[in-house]
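1. structure for this input, please:
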Amino acid sequence: MCRWVAYAGPEIYLEDILFNQDHSIVNQSLSAHESVWTTNGDGFGVAWYTQRTTAGLFKDVLPAWNDSNLRSLAAHIRTTLFFAHVRATTGTTVSRSNCHPFIWKNWTFMHNGQIGNWNGCRKLYESNISEEFYHCREGTTDSEAIFLVALSLGLQHNPRQAMQQALALAIDAMAKTQAHEPLRASLAVTDGKEIWAFRYSSDDRSPSLYFGAPHTRASEHFPNEFNTIASEPSDHQAEHWHKVDEGTCVHWTRERMNFYPIELGQRFV
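-> Sure thing, here's the model as predicted:
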């Protein structure tokens with residue numbers, strides 16, 4: 001499984017989160033503590049927002065811990081919101097097009113987990129991608145497919161409902177193709193201003209997810225003291241971190257954190 005981190009708060013350098021933490025996301029790419037696989041070296045990606053509408057994006061198939069370009073960029077780019085992801089493939093190829101995050105206009109998405117028996121239900125699930133978005137398909141991952149299905153379902157207008165519907169359709173496709181593997185998802189999506197993160201699984205064994213307030217060099221303060229949602233805590237100070245419950249959607253805004261139960265009931269399937 002993969003590891004990811006989403007930051008939103010006062011302007012900082014990327015390196016404040018990517019590198020300058022006791023257990024940073026780059027450290028997690030080599031030695032994750034709460035992942036099925038310790039090493040997440042099948043590529044990485046970073047997406048960051050500035051004054052432009054679409055996020056900047058840097059992805060590569062090199063392990064994050066071994067990319068000097070990433071370290072250089074992280075030391076020079078300042079931003080108030082960014083996503084970073086280190087990948088451990090669950091079966092699809094190691095390629096730049098399969099690395100997260102994925103971007104469409106001002107929307108950015110990343111995911112850790114799997115749609116059970118992806119090769120068996122891929123065709124059925126991808127049939128939910130509308131013609132408007134199917135041409136955006138570049139890779140072969142279930143993660144990118146979830147993003148495009150959610151966009152097809154109106155992610156731009158109601159992110160929480162669209163993502164729940166996209167997950168429900170994944171479970172539906174798994175059932176119709178008699179998949180024996182579970183759906184597991186820890187994912188995040190942003191419009192560049194707010195963040196929605198989801199922790200859900202069909203077997204109550206979701207990938208880990210936390211929200212917290214690690215130290216950075218930011219000089220400002222936001223009303224919302226929490227600035228990070230991540231697969232794992234990036235430091236060892238327990239008071240900085242809170243675990244997201246199974247079956248929960250977290251909505252980050254500048255003012256507060258909101259929490260909602262994820263409901264994939266009959267209204268979505």
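2. could you point out which element follows the lengthiest helix in the chain?
-> The helix that spans the most residues within the chain, counting by DSSP state H, is helix 159-176. Toward the C-terminus, helix 159-176 is succeeded by strand 184-190 as the next helix or strand (DSSP states H and E).
3. what's the longest helix of the chain packed up against?
-> helix 118-126, helix 142-152, strand 184-190, strand 195-201, strand 248-252 (3 or more Cβ pairs under 8 Å, 6 or more residues apart in numbering; DSSP states H and E). Bear in mind the C-beta positions are built from the backbone N, C-alpha and C, glycine included.
4. helices and strands around the very next helix or strand once past the first one, which ones?
-> So that's helix 118-126. The helix or strand immediately downstream of helix 118-126 is helix 131-134, counting by DSSP H and E. For helix 131-134, the packing partners by 3+ Cβ pairs under 8 Å, 6+ apart come out as helix 142-152.
5. got the CA positions of the helix it packs on in PDB?
-> Extracted C-alpha coordinates of helix 142-152, given in PDB (Å, rounded to 0.1, in the frame of the first residue of the first chain):
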ATOM      1  CA  ASP A 142      -7.900   1.800 -10.000                       C
ATOM      2  CA  SER A 143      -7.100   5.000  -8.200                       C
ATOM      3  CA  GLU A 144      -7.200   7.200 -11.300                       C
ATOM      4  CA  ALA A 145     -10.500   5.400 -12.300                       C
ATOM      5  CA  ILE A 146     -12.100   6.300  -8.900                       C
ATOM      6  CA  PHE A 147     -11.100   9.900  -9.600                       C
ATOM      7  CA  LEU A 148     -12.600  10.000 -13.100                       C
ATOM      8  CA  VAL A 149     -15.800   8.200 -11.900                       C
ATOM      9  CA  ALA A 150     -16.200  10.700  -9.100                       C
ATOM     10  CA  LEU A 151     -15.800  13.600 -11.600                       C
ATOM     11  CA  SER A 152     -18.400  11.900 -13.800                       C
END
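6. tell me what angle that helix forms with helix 118-126.
-> Between helix 142-152 and helix 118-126, the angle comes out at 10 degrees (axes from the mean of the first three to the mean of the last three Cα atoms, to 10 degrees).
7. contacts for helix 142-152 next, please.
-> With contacts defined as Cβ atoms under 8 Å, 6 or more residues apart in numbering, helix 142-152 is touched by 90, 92, 98, 100, 102, 104, 107, 109-111, 114-115, 118, 122, 125-126, 128-130, 132-134, 136-138, 159, 162-163, 165-167, 169-170, 185, 187, 189.
8. so it versus helix 159-176, what angle?
-> Using the same axes, to 10 degrees: helix 142-152 against helix 159-176 is 120 degrees.
9. so how far is helix 142-152 from its chain's centroid?
-> Mean C-alpha position of helix 142-152 versus that of the full chain (Cα atoms, centre = their mean, to the nearest Å) differs by 12 Å.
10. and if you look at stretch 228-248?
-> 14 Å.
11. pLDDT weak spots in the stretch 1-150 of the chain?
-> Applying pLDDT under 70 to the stretch 1-150 of the chain flags the ranges 1, 32-33, 35-41, 90-91.
12. change it to 80
-> 1, 27, 29-42, 88-92, 94 (pLDDT under 80).
13. where along it do the helices fall?
-> 15-18, 25-31, 68-74, 118-126, 131-134, 142-152 (DSSP state H, counting those that start in this stretch).
14. re the thing from before, flag every buried residue along the longest helix of the chain.
-> 159-174 (16 or more other Cβ atoms under 10 Å).
15. then stretch 134-141?
-> Buried-residue list, stretch 134-141, by 16+ other Cβ under 10 Å: 137, 139, 140, 141.
16. closest one to residue 25 out of those residues, please.
-> Within the buried residues of stretch 134-141, proximity to residue 25 (Cβ to Cβ) peaks at residue 141, which comes in at 19.2 Å.
17. this completes my enquiry, with thanks.
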